[in-house]
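1. Build me a model from this:
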Amino acid sequence: MTTDEAIPEVDLWRYIRILGRRKWWIISFTILGLLGGAVYAFTAPKKYSATALLQVEPARGAISVGGSPTPTVAAAQVSTYLQLLTSSDVQNVANQALHSHPKVTANQIGLTDVLSVSATASTPEQAALIANTYAKVFVEYERKNALAATTATELELQQQITSLNTQIAAISANTPNATALENELTLYKEDLANLQLAGAGTATSGGVVVASTAQVPTSPSSPKKVIDLVIGGVVGLILGFLMAFLFEALDDTVYDQDDLERLAPGVPVLGQIPMIGTWKDKKSTFLVSVSDPTSVVTEAYRSLRTSLQFASYDEPVQVVLVTSPTATDGKTSTVSNLGVMFAMAGQSVVLLSADLRRPRLAQFFGMDEQVGLTSVVIGEATLDEALQPMEGVPGMTLLGAGPIPPNPSELLGSKKMADVVQQLRDRFDVILIDSPPLLPVTDPVILARLADLSLLIVGAGQTKKAQLGRAFQQIAQSGSPRLGIVFNEVRRESDNSYSYSYSYSYKPRNNGNVPENGVDKNNGPAHARTRSKPNDKLFE
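-> Next up is the predicted model:
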């Protein structure tokens, strides 16, 4: 690898966020593992284990035919005995002695010449009996094998001695051949004497003895409650991690900004709105910028307003279309709260309810949409008659949807609709358009042509990656000049941008008479247009 090649970085925080999202899988499987270990520990039958030790003895004084000493290889002896311990010959003899067919295990103790014979049974006495019986049977088995080998060697030496005596008797005693045969005969006789002495117990030719008998165990070897619980918990924890990452791989949902950056490279994320913990029933409306003006969520909407104001430096952004891939991503609540933020900054704002399928914008302010956009487009009302100023939010006006038409797409794409938007441009600083979701209908694609910027609301943990991809395709086809993303309902574990908490809060001074821009409301706002002091319940 060259120095110019980029080394991929492991995003540790991403894995931590994945584990945070999938923590219930991990917790659930860990608990199941602990329960499984507990069930086994308290219900499994008790087993007892006992172990006898065998000492492998090196060959001492062993000889071979011809008088040369036999080399001793302890490692080979230990390996051979280890295989013979569980051979069928030993098992058959032990089974006959025990009148059963127990299983034993044989192992070498480290790199020593000591072998262990372990047995497990349902009672401690039976476990010790099995281990000791196997050890005794194996020692006897090896003694018989050694005796048989000694007898065979002794017979061979006797045959060699008899043959040499015959050869010596057939030739003259003074010949050179007779002298050599007599010397060889002497060596064989010495070998035979040594072999007979070894057989009598004065020396050994190698073997195995019982070094330690198996004692009756005082406690069961299984189940071991603590160990079983630990094993169950560890296995459950590992399975929980595997399931967490498996479901993460199979999940097509957008959870964090990393997903957005991969799916929409180059598209700026203009704002991240945390989840409103107190908004449980999404069918009801909740205006957090008014209900809790010092919250982190409200501050996030302020940041979004600032991002849009900065976006206006290069090219003016007056008309903003707010849409989303699906209906549950929070586009209408974003329009409502963002409108309040612009109004509090001293700008004149109109909220245009262009969702002619399921209008809901007016509900956030306790107003109705009986007369609105469609009324103006079809000529049933003038724009002044359809606009509804919000007394509690100075500088903000609502243009409701009006009667629901049978052909919303045709109405929104008409020239009269474009004329309405142009009139709003002439009268207000900011126009926020609430449109239907992108994927079900084509209305947002039509409205995007009238806007300076399109805001795509992406619901964290709600919007699917495939849905987001299709939404980008439709926005691209609309010819919208600019596009930005708002990441909505972000959880703390979903994105590290909200891993902090504010150490300060915004609080109104002088009994709420100082607006955000620092101008006393009693003396007039900073904006050129005159604003009245708010007295509606929205600001109580």
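2. Which secondary structure element is home to Ala451?
-> Mapping Ala451 onto the secondary structure by DSSP states H and E places it in no helix or strand at all.
3. Over to the one 5 residues further on?
-> Taking DSSP H and E as the definition, one finds Leu456 inside strand 453-459.
4. just Thr105 next, same as before
-> Assigned by DSSP H and E, Thr105 belongs to strand 104-108.
5. For Leu129, see how far away Leu373 is.
-> 95 Å (Cβ to Cβ, to the nearest Å). C-beta coordinates here come from the backbone N, C-alpha and C atoms, glycine included.
6. one step back: tell me which strands the strand holding Thr105 pairs with, and in which orientation.
-> Counting by DSSP bridges, the strands paired with strand 104-108 are strand 114-121 (antiparallel).
7. Give me the contact list for the partner strand.
-> Applying Cβ atoms under 8 Å, 6 or more residues apart in numbering, the external contacts of strand 114-121 come out as 47-56, 78, 81-82, 85, 102-109, 127-128, 130-131, 134-135, 138, 208, 211, 214, 221.
8. Could you rerun that using 6 Å?
-> Residues outside strand 114-121 that contact it (Cβ atoms under 6 Å, 6 or more residues apart in numbering) are 47-55, 102, 104-109, 127, 130-131, 134-135.
9. Check these for burial and list the buried ones.
-> Applying 16 or more other Cβ atoms under 10 Å to the contacts of strand 114-121, the neighbour count classes 47-54, 102, 104, 106, 108, 127, 130-131, 134-135 as buried.
10. between Leu373 and Leu129, which one's more packed in?
-> Between Leu373 and Leu129, Leu373 has the larger neighbour count (other Cβ atoms under 10 Å), namely 29 against 19.
11. So in that sheet, which strands flank the strand holding Leu456, and in what orientation?
-> strand 319-323 (parallel), strand 483-490 (parallel).
12. Convert the C-alpha atoms of the strand holding Thr105 to PDB, please.
-> Taking C-alpha atoms only, strand 104-108 is exported to PDB below (Å, rounded to 0.1, in the frame of the first residue of the first chain):
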ATOM      1  CA  VAL A 104     -13.900 -42.600  30.900                       C
ATOM      2  CA  THR A 105     -11.500 -40.000  29.600                       C
ATOM      3  CA  ALA A 106      -7.700 -40.300  29.700                       C
ATOM      4  CA  ASN A 107      -5.300 -37.300  29.500                       C
ATOM      5  CA  GLN A 108      -1.600 -36.500  29.900                       C
END
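13. I'd like the average pLDDT over it.
-> Regarding strand 104-108, the rounded mean pLDDT is 89.
14. Please work out which residues outside it touch it.
-> 78, 82, 85-86, 115-119, 134.
15. Please identify which of those residues is nearest to Arg427.
-> Using Cβ to Cβ, Ser118 is the member of these that sits closest to Arg427, with 93.3 Å.
16. quick check, distance from the longest strand along the chain to the centre of its chain.
-> As assigned by DSSP state E, the longest strand anywhere in the chain is strand 48-57. For strand 48-57, the separation from the chain centroid amounts to 45 Å (computed by Cα atoms, centre = their mean, to the nearest Å).
17. for stretch 369-389, same thing?
-> Worked out by Cα atoms, centre = their mean, stretch 369-389 lies 54 Å from the chain centre.
18. Student question: in the protein, what's the helix or strand with minimum average pLDDT?
-> Averaged element by element with mean pLDDT, DSSP states H and E, the chain has its least confident helix or strand at helix 176-199 (a mean of 67).
19. quick one: strands adjacent to the longest strand of the chain?
-> strand 114-121 (antiparallel), strand 207-212 (antiparallel).
20. right, so of those, which gets closest to Ser28?
-> In terms of Cβ to Cβ, the element of the strands paired with strand 48-57 nearest to Ser28 is strand 114-121, at 34.4 Å.
21. can you tell me the average pLDDT over the closest one?
-> Computed over strand 114-121, the mean pLDDT rounds to 90.
22. and whatever helix or strand comes next after that strand, what does it pack onto?
-> For strand 114-121, the following helix or strand on the C-terminal side (DSSP H and E) is helix 124-170. Secondary-structure packing of helix 124-170 (3 or more Cβ pairs under 6 Å, 6 or more residues apart in numbering; DSSP states H and E): strand 48-57, helix 88-98, strand 114-121, helix 176-199, strand 207-212.
23. Adding distance to Glu142, write these out as TSV.
-> TSV is the format used below for the helices and strands packed on helix 124-170 (distance: least, Cβ to Cβ, whole Å):
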stretch	distance to Glu142
strand 48-57	9
helix 88-98	9
strand 114-121	11
helix 176-199	15
strand 207-212	5
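24. can you pull out the helices in the stretch 351-500 of the chain?
-> 373-377, 383-386, 408-412, 415-427, 443-448, 465-478 (DSSP state H, counting those that start in this stretch).
25. Quick check: which of the ones you listed is nearest to Phe245?
-> Of all these, helix 465-478 sits nearest to Phe245, with 17.0 Å by Cβ to Cβ.
26. Any idea how far the closest one is from the middle of the chain?
-> Using Cα atoms, centre = their mean, the offset of helix 465-478 from its chain centre is 30 Å.
27. Restrict that helix to CA atoms and write it as PDB.
-> This file holds the C-alpha atoms of helix 465-478, laid out as PDB (Å, rounded to 0.1, in the frame of the first residue of the first chain):
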ATOM      1  CA  LYS A 465     -33.600   4.600   2.300                       C
ATOM      2  CA  ALA A 466     -35.500   3.400  -0.800                       C
ATOM      3  CA  GLN A 467     -38.100   6.100  -0.200                       C
ATOM      4  CA  LEU A 468     -35.500   8.700   0.200                       C
ATOM      5  CA  GLY A 469     -33.800   7.700  -3.000                       C
ATOM      6  CA  ARG A 470     -37.100   7.900  -5.000                       C
ATOM      7  CA  ALA A 471     -37.800  11.300  -3.400                       C
ATOM      8  CA  PHE A 472     -34.500  12.700  -4.600                       C
ATOM      9  CA  GLN A 473     -35.200  11.400  -8.100                       C
ATOM     10  CA  GLN A 474     -38.600  13.200  -8.100                       C
ATOM     11  CA  ILE A 475     -37.100  16.500  -6.800                       C
ATOM     12  CA  ALA A 476     -34.400  16.300  -9.400                       C
ATOM     13  CA  GLN A 477     -37.100  15.900 -12.100                       C
ATOM     14  CA  SER A 478     -39.000  18.900 -10.800                       C
END
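28. and it, what does it pack onto?
-> Here helix 465-478 touches helix 443-448, going by 3+ Cβ pairs under 6 Å, 6+ apart.
29. okay, the helix it packs on in CSV with CA atoms only?
-> Provided in CSV are the C-alpha atoms of helix 443-448 (Å, rounded to 0.1, in the frame of the first residue of the first chain):
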residue,chain,number,x,y,z
ASP,A,443,-48.1,17.9,-6.2
PRO,A,444,-44.7,18.7,-4.6
VAL,A,445,-42.9,18.3,-8.0
ILE,A,446,-45.3,20.9,-9.5
LEU,A,447,-44.9,23.3,-6.5
ALA,A,448,-41.1,22.9,-6.5
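30. Quick one: mean pLDDT for it?
-> Computed over helix 443-448, the average pLDDT equals 89.
31. quick one: contacts of it?
-> Outside helix 443-448, the residues that touch it by Cβ under 6 Å, 6+ apart are 321, 323, 354, 408-409, 412-413, 433, 435-436, 438, 454, 474, 478, 480.
32. coming back round to it: please list only the buried members of the contacts of strand 104-108.
-> Here, 16+ other Cβ under 10 Å leaves 78, 82, 85, 115-119, 134 buried among the contacts of strand 104-108.
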